[in-house]
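Trainee: Quick one: sequence and predicted model below, then my questions.
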Amino acid sequence: RRDKSFLTLALIPCLAAFVSWEQLSLMVAKFTDVYGVLGTEHGTEFANDLLRPTITGVVVPVASIAFATLLSTTVSVLRQRQVDLRVLLNKEACDLRLLRRVLYGMFGTRQHAGRRTNSLTLLTTY
């Protein structure tokens, strides 16, 4: 339940940004066309000559590469953790199987049935 709420909280801003990107972009463009940048009379020229080419030419590609690298690294680390956990779980399961075999070897006869039951109960509670 807690994981679902964290996932939902992480996805809501992403979906909101995706849905509202076009309207937000048009609003900013109209605002800079009408008022210019920082209320100067040459704000429109500043926006056309410097801001728009810089944002579309440099900032967006660099930001997209940086975020893609961050996403790739995050996925890689999480995948490696999952693989390591799987290896450790398999190792522990093999160790428990081996311990069970050893217990049957030590207490395999009828005269040790009570000890075998006690030891297997302890193993089960582990």
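Mentor: In hand now; what should we look at?

Trainee: and Gly57, how many neighbours does it have?
Mentor: For Gly57, the number of neighbouring residues by other Cβ atoms under 10 Å comes to 10. All C-beta spots, glycine's among them, are computed from the backbone N, C-alpha and C.

Trainee: By mean pLDDT, flag the weakest helix or strand of this structure.
Mentor: Within the chain, no helix or strand scores below helix 43-46, which has a mean of 60 by mean pLDDT, DSSP states H and E.

Trainee: Give me the number of neighbouring residues for Val34.
Mentor: Per other Cβ under 10 Å, the neighbour tally for Val34 reads 9.

Trainee: distance between the host helix or strand of it and the chain's centre?
Mentor: Val34 is located in helix 2-35, with elements delineated by DSSP states H and E. Relative to its parent chain, helix 2-35 has a centroid offset of 20 Å by Cα atoms, centre = their mean, to the nearest Å.

Trainee: ok, back up a step: may I see the buried residues of the helix or strand just after the least confident helix or strand of the chain?
Mentor: Using DSSP H and E, the helix or strand that follows helix 43-46 towards the C-terminus is helix 52-54. Neighbour-count burial for helix 52-54, counted by 16 or more other Cβ atoms under 10 Å, picks out no residue.

Trainee: which helices and strands sit right next to the very next helix or strand once past helix 52-54?
Mentor: Going down the chain from helix 52-54, the next helix or strand is helix 60-106, by DSSP H and E. Applying 3 or more Cβ pairs under 8 Å, 6 or more residues apart in numbering; DSSP states H and E, one finds that helix 60-106 contacts helix 113-125.
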